[in-house]
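J.: With the sequence up front, the predicted model follows.
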Protein chains: 2
Amino acid sequence: MTTFAERLWQSSKGRRSLVCVGLDPDPELMAVADVLDFNKAVIDATHDLVCAYKPNLAFYEALGRRGLDALEGTVAHIRSAAPDVIVLGDAKRGDIGSTNAMHARALFEVWGFDAATINGYAGGEALEPFLSYRDRGVFVWCRSSNPGARELQDRVVVDNGTTMALHEYLAARAREWNKLGNLGLVAGAAYPDDIGKIRSRCPDMPILVPGVGKQSGDLYEAVRQGLDSNAFNLLIASSRSITYASRDPDGFAQAARAAAAELRDGINLVLEQEGRTWDRN
Amino acid sequence: MTTFAERLWQSSKGRRSLVCVGLDPDPELMAVADVLDFNKAVIDATHDLVCAYKPNLAFYEALGRRGLDALEGTVAHIRSAAPDVIVLGDAKRGDIGSTNAMHARALFEVWGFDAATINGYAGGEALEPFLSYRDRGVFVWCRSSNPGARELQDRVVVDNGTTMALHEYLAARAREWNKLGNLGLVAGAAYPDDIGKIRSRCPDMPILVPGVGKQSGDLYEAVRQGLDSNAFNLLIASSRSITYASRDPDGFAQAARAAAAELRDGINLVLEQEGRTWDRN
């Protein structure tokens, strides 16, 4: 059995890319009306530049049945166009164990995702149904990138006499939960120092970093703090700045390609500055 | 506009019931194979005894398209059989605000739920899209009833020099977030003392209590601790012990009715013991 970490590394190394493209179809922003047509064009224009695609389920569910049809077609199109690219379902699912067993079945069997984002509020015991899919990646939502993220996630908690932020405690717990080696973390780009803290607590677990914009400063810090010491184990996710780079129906796919290439190259420049190469790994 | 609290009270008072029936279709436990047939039979046999139904979305999603068809048919059947009964989508959705806008659209417009359970890990700012549906109930997942719930939810946090459990802090924040009066909380029956603490922090917000079994001790404490001082604002949810009370294809619906009636009567006995009546309210 190929582990998720190995599959992520193969997909990343094959394209020299840590870019994960978020596929979040918003009818108000898409250059063409049909979601599947839109996604197919983006995928066809970018799949040689990225290690993963990340459809955000809420955007499809909000469109009702036609959204779910489009998601099904999108996953199938990725499998056909680029079979080794990771498809990560951004779902943030989480509940008690008996419900998580159903969530895991929906995410990993019905949708067939290679990985998914989940919520760990019910603790490690409740996550067993997700983790029992040994070849899939399970990313615990640890640090979000929204303006109000600090309200709960930075709350100081006490652990064995020491204090730390709640999201940092969650990262520490996640390392304990990772008995099968298929657990990762979500840590938003807006707080790069926290990515570094999470990395130091989870030295060899994959980190998904959403919310990367076009600011090279953010990107530099997010990549530098997020890299692990070996096979990178990092997915830098960008959605809008790639898929909505242009609203021209005849030009959006090429604009998406240009934006994905720029992000890939920007990340690889940071790797170079950090003395890291794809060949060494 | 009728507020969610008023609708909950009307539905509860009309049937003298705080019972919420969880509709969690599990092919391994259902007395008949077809999910919609099963749910319709349960609904027809119980709708005069309950204030709400609570389909757990994961159980439908795990069945793929036929599960989603069954959920659509189930909601339509409740609307037809008992138009004033609350339909609460148990979804535990939660993300940053832009994604929550899509979750809210899916839950409140596509599915048309009167209320939904959500996850507040991204803080109050991210919940605005849910709360902007002023006539819908939004239940923040505060305290779960699984064995491992304490791992994160009982973590001691520091707030203005005082300490409290994380779930209690979340309840305190939820009270602040409840500017439009449509926010509630989820607190599992397994930890009745915590329901009491949550109630004291949120004196007039609805509390959904899942995980009630057949043990009258649990039920007594859950109801006693959860009641508010006015219109009860309490939903006592039971799934398996009602819907799977019998596996006899010719008897499961009547068994579900008997179990729902027993739970309703058990709750009403607690109300009586506490000196509360439906007529006073």
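T.: Thanks, I have the structure now. Numbers count the residues shown, from 1 in each chain, chains lettered A, B, ... in the order given.

J.: What residue in the stretch 151-281 of chain A comes nearest to chain B?
T.: A:Glu151 (3.4 Å; Cβ to the nearest Cβ). Glycine gets a C-beta too; all of them are placed from N, C-alpha and C.

J.: Hmm, A:Asp159 and A:Ala172 touching each other?
T.: Yes - taking Cβ atoms under 8 Å as the contact criterion, A:Ala172 and A:Asp159 are neighbours in contact, 7.5 Å apart.

J.: hang on, the earlier thing: roughly how far apart are the residue of the stretch 151-281 of chain A closest to chain B and B:Lys92?
T.: Using Cβ to Cβ, to the nearest Å, A:Glu151 is found at 19 Å from B:Lys92.

J.: Would you map the strands across chain A?
T.: Secondary structure of chain A (DSSP state E): strands located at A:19-23, A:52-55, A:86-93, A:115-118, A:137-143, A:156-159, A:162-165, A:183-187, A:207-209, A:234-238.

J.: Please verify my assumption that A:Asp114 contacts A:Arg7.
T.: Yes - A:Asp114 lies in contact with A:Arg7 (Cβ under 8 Å); the separation is 6.7 Å.

J.: Quick check: neighbours shared by the two?
T.: With contacts defined as Cβ atoms under 8 Å, 6 or more residues apart in numbering or on different chains, the residues adjacent to both A:Asp114 and A:Arg7 are A:Ile86.

J.: Okay, angle between the helix ranked longest in chain A and strand A:234-238 too, please.
T.: In chain A, with assignment by DSSP state H, the single longest helix is helix A:252-273. Here helix A:252-273 runs at an angle of 140 degrees relative to strand A:234-238 (axes from the mean of the first three to the mean of the last three Cα atoms, to 10 degrees).

J.: circling back: lowest average pLDDT across the strands of chain A?
T.: Here the strands of chain A differ in mean pLDDT, and the lowest is strand A:156-159 at a mean of 90.

J.: Show me what that one is packed against.
T.: Here strand A:156-159 is seen to pack against strand A:162-165, helix A:166-177, strand B:156-159 when contacts are counted using 3 or more Cβ pairs under 8 Å, 6 or more residues apart in numbering or on different chains; DSSP states H and E.

J.: Could you pull out the buried residues of the longest helix of chain A?
T.: Buried residues in helix A:252-273, counted by 16 or more other Cβ atoms under 10 Å in any protein chain shown: A:252-253, A:255-264, A:266-268, A:270-271.

J.: same question, stretch A:227-247
T.: Taking 16+ other Cβ under 10 Å as the basis for neighbour counts, the residues of stretch A:227-247 that come out buried are A:227, A:231-239, A:241-246.

J.: If you count surrounding residues, which of A:Glu151 and B:Lys92 has more?
T.: Legend: neighbour count by other Cβ atoms under 10 Å in any protein chain shown for A:Glu151 and B:Lys92, higher for B:Lys92 (28 against 20).

J.: right, and the more buried one touches B:Thr117 too?
T.: Yes - shown here, B:Lys92 and B:Thr117 form a contact pair, counting by Cβ under 8 Å, at 5.2 Å.

J.: Find the residues that touch each one of these two.
T.: Counting by Cβ under 8 Å, 6+ apart, the residues touching both B:Lys92 and B:Thr117 are B:Trp141.

J.: For burial, what's the neighbour tally of the spatially closest residue to A:Ala82 that is not a sequence neighbour?
T.: Using Cβ to Cβ, 6 or more residues apart in numbering or on different chains and skipping residues adjacent in sequence, the residue nearest A:Ala82 is A:His47, 3.9 Å away. A:His47 is flanked by 19 other residues according to other Cβ under 10 Å.

J.: Ok, the one 3 residues further on next?
T.: The burial metric for A:Val50, expressed as a neighbour count using other Cβ under 10 Å, is 29.

J.: Looking at the helices and strands packed on strand A:156-159, which one is packed in the most?
T.: Burial of the helices and strands packed on strand A:156-159 is given as mean neighbour count (mean count of other Cβ atoms under 10 Å in any protein chain shown); helix A:166-177 ranks first at a mean of 21.

J.: Tell me which residues are up against that one.
T.: With Cβ under 8 Å, 6+ apart as the test, helix A:166-177 has contacts from A:120, A:123-124, A:127, A:131, A:140, A:142-143, A:152-157, A:159, A:164, A:183, A:185, A:187, A:194, A:197-198, A:201-202, A:205, B:151-152, B:155, B:157, B:166.

J.: change it to 6 Å
T.: Residues lying outside helix A:166-177 but in contact with it, judged by Cβ atoms under 6 Å, 6 or more residues apart in numbering or on different chains, are A:124, A:140, A:142-143, A:153, A:155, A:157, A:159, A:183, A:185, A:197-198, A:201-202.

J.: distance of the residue of chain A positioned farthest from its centre from A:Arg175?
T.: What lies farthest from the middle of chain A is A:Gly161; by Cα atoms, centre = their mean that is 33.4 Å. As judged by Cβ to Cβ, A:Gly161 and A:Arg175 stand 19 Å apart.

J.: How about A:Ala165?
T.: When Cβ to Cβ is the yardstick, A:Ala165 and A:Arg175 sit 16 Å from each other.

J.: Repeat that for A:Leu271.
T.: As for A:Leu271, its distance to A:Arg175 is 25 Å (criterion: Cβ to Cβ).

J.: And for A:Phe108?
T.: 22 Å.

J.: now do A:Ile267
T.: From A:Ile267 over to A:Arg175 the distance is 25 Å, taken as Cβ to Cβ.

J.: A:Gly251 now?
T.: 45 Å.

J.: can you pull the contacts of A:Val110?
T.: Going by Cβ under 6 Å, 6+ apart, the list of residues near A:Val110 reads B:Gly64.

J.: per-residue pLDDT, it?
T.: If you check A:Val110, the pLDDT there is 98.

J.: any low-confidence regions in chain A?
T.: Applying pLDDT under 70 to the predicted model, the residue ranges of chain A that meet it are A:214-217, A:280-281.

J.: picking up where we left off before, nearest residue to the residue of the stretch 151-281 of chain A closest to chain B in space, ignoring adjacent ones along the chain?
T.: Among residues not flanking A:Glu151 along the chain, B:Gly123 sits closest, at 3.4 Å (Cβ to Cβ, 6+ apart).
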